[in-house]
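> this one's structure only:
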């Protein structure tokens, strides 16, 4: 993980929680630990803690009435299940506190992949990680894991997911000129494109998405949530949205996420992870049908900075409010993504 920046000062309850979790993990705390905040996070408060020549990550999870997802329970349960199943390309969960929604993980040493750096070897490692998850699906305890965030198992559910995201964009407040332009973009460009994509699925291009197999999915899966160590080995983290889901959704999201994009020419290498299993039957056809749906979804995702709940997450994680320059950049990014959708027709 990249080096963190110092926080303005975590409160005493958080420091006390860190001490308790360190002690649960068998780490001595003769004096209060220093918590250094990681930069860049906009969902949770994440800190590095160094103790006894060891490094740890302390994570305090965001919760909001406007966002019903239980990030804390989802991620800790998923990581604990994977670790007990022998998966080691993830951070180890060492201790947790349900009351404070705190979790202590072992620190992953390495660096983030740069945009444009992703190649076939990285996608192959992602595919291998998926295979490890599929191996665990029949183990005791797998059935108790919840569906993933926005899990979809039919064409109607895939479409409804994007419908909800576009409906949320209708709540963008007309605070500034950039907000007003974004509202017009959603109304005059994004929504009409979505209506065209939606009709294509409803009129028969999406027959193969009427029902879908279920696989354990990391969700929000991509190289934006990965660390590369000095030996070229990838470790994956951030499983707040993980659970049972459609493998076609996993593939589409993987190749649509925008932070560290993946060339779509490498898509067959990821889908190779599903070969020989029931989840791989008809997968390429369903991905081809659903890809425009998820391209529109990611147009909506990059506009989250304009939404009130996103502002609440940023305050919680101490991330800076999006500047006018960032908002301009997000709107332009959505425009570029939307042009990419047009190439599907």
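Nice, thanks for sending it over. As the structure is a computational prediction, the values presented were derived from the model and not from experiment. Numbering: from 1, shown residues only.
> in stretch 279-297, what's buried?
Buried residues in stretch 279-297, counting neighbours by 16 or more other Cβ atoms under 10 Å, are found at 279-280, 283-284, 286-287, 289-297. For glycine as for every other residue, the C-beta is placed from the backbone atoms N, C-alpha and C.
> residue 51 reaches residue 33, doesn't it?
Yes. Contact criterion Cβ atoms under 8 Å: residue 51 and residue 33 qualify, at 5.9 Å.
> which stretches in the stretch 201-345 of the chain count as helices?
Secondary structure of the stretch 201-345 of the chain (DSSP state H, counting those that start in this stretch): helices located at 247-256, 267-271, 283-301, 308-317, 324-342.
> would you map the strands across the stretch 151-300 of the chain?
Assigned by DSSP state E, counting those that start in this stretch, the strands in the stretch 151-300 of the chain fall at 215-217, 226-228, 234-236, 243-245.
> note down every partner strand of the first one and its orientation.
Pairing partners of strand 215-217, with direction, according to DSSP bridges: strand 243-245 (antiparallel).
> show me how far the partner strand is from its chain's centre.
On the basis of Cα atoms, centre = their mean, to the nearest Å, strand 243-245 sits 13 Å off its chain's mean C-alpha point.
> now that strand: average pLDDT?
Averaging pLDDT along strand 243-245 yields 97.
> what's in contact with it?
With contacts defined as Cβ atoms under 8 Å, 6 or more residues apart in numbering, strand 243-245 is touched by 74, 78, 145-149, 151-153, 214-217, 219.
> rerun that using 7 Å as the cut-off
For strand 243-245, the external contacting residues (Cβ atoms under 7 Å, 6 or more residues apart in numbering) are 74, 145-148, 151, 214-217, 219.
> mind giving me the PyMOL select for the residues you listed, buried ones only?
Entered in PyMOL, the line below selects the buried ones among those, by 16+ other Cβ under 10 Å:
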select buried, resi 74+145+147+148+151+214+215+216+217+219
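> on that earlier part again, go through the helices of the stretch 201-345 of the chain and pick out the most buried.
Ranked by mean neighbour count, the helices of the stretch 201-345 of the chain are led by helix 247-256 with a mean of 25 (mean count of other Cβ atoms under 10 Å).
> if we look at it, which residues are touching it?
Applying Cβ under 7 Å, 6+ apart, the contact partners of helix 247-256 are 152, 212-213, 215, 217, 221-222, 262, 264, 267, 270-271, 274, 279, 283, 286-287, 290-291, 294-295, 298.
> got the angle for it vs helix 283-301?
In terms of direction (axes from the mean of the first three to the mean of the last three Cα atoms, to 10 degrees), helix 247-256 departs from helix 283-301 by 50 degrees.
> where does pLDDT dip in the protein?
Low-confidence segments of the chain, defined by pLDDT under 70: 1-10, 40-43, 64-67, 204-210, 309-320, 345.
> centroid residue for it?
Nearest to the geometric centre of the chain sits residue 220, at 2.6 Å (Cα atoms, centre = their mean).
> count the neighbours of the closest residue to it other than its chain neighbours for me.
Of all residues not flanking residue 220 in the chain, residue 241 sits nearest, at 5.0 Å (Cβ to Cβ, 6 or more residues apart in numbering). Using other Cβ atoms under 10 Å, residue 241 has 21 neighbouring residues.
> on that earlier part again, tell me which of the strands of the stretch 151-300 of the chain sits nearest to residue 322.
Residue 322 lies closest, by Cβ to Cβ, to one member of the strands of the stretch 151-300 of the chain: strand 226-228, at 24.3 Å.
> which residues does that closest one contact?
With contact meaning Cβ under 7 Å, 6+ apart, strand 226-228 is reached by 1, 108, 110-113, 234-236.
> gap between it and the chain center?
Taking Cα atoms, centre = their mean, one finds the center of strand 226-228 at 14 Å from the center of the full chain.
> same thing with stretch 337-345?
Using Cα atoms, centre = their mean, the mean C-alpha position of stretch 337-345 is found 23 Å from that of the whole chain.
> contacts made by that stretch with the rest, please.
Contact partners of stretch 337-345, identified using Cβ under 7 Å, 6+ apart, comprise 189-190, 193, 197, 292, 295-296, 298-299, 302.
> please redo it, this time with the cut-off set to 6 Å
Contacting residues not belonging to stretch 337-345 are listed as 193, 292, 295-296, 298-299 [Cβ atoms under 6 Å, 6 or more residues apart in numbering].
> out of those residues, who's nearest residue 159?
For these, the nearest to residue 159 is residue 296 (10.2 Å; Cβ to Cβ).
> how about the contacts made by residue 302?
Residue 302 neighbours (Cβ under 6 Å, 6+ apart): 330, 333-334.
> could I get those as a markdown table with distance to residue 63?
Output for the contacts of residue 302, formatted as a markdown table (distance: Cβ to Cβ, whole Å):
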| residue | distance to residue 63 |
| --- | --- |
| 330 | 25 |
| 333 | 28 |
| 334 | 28 |
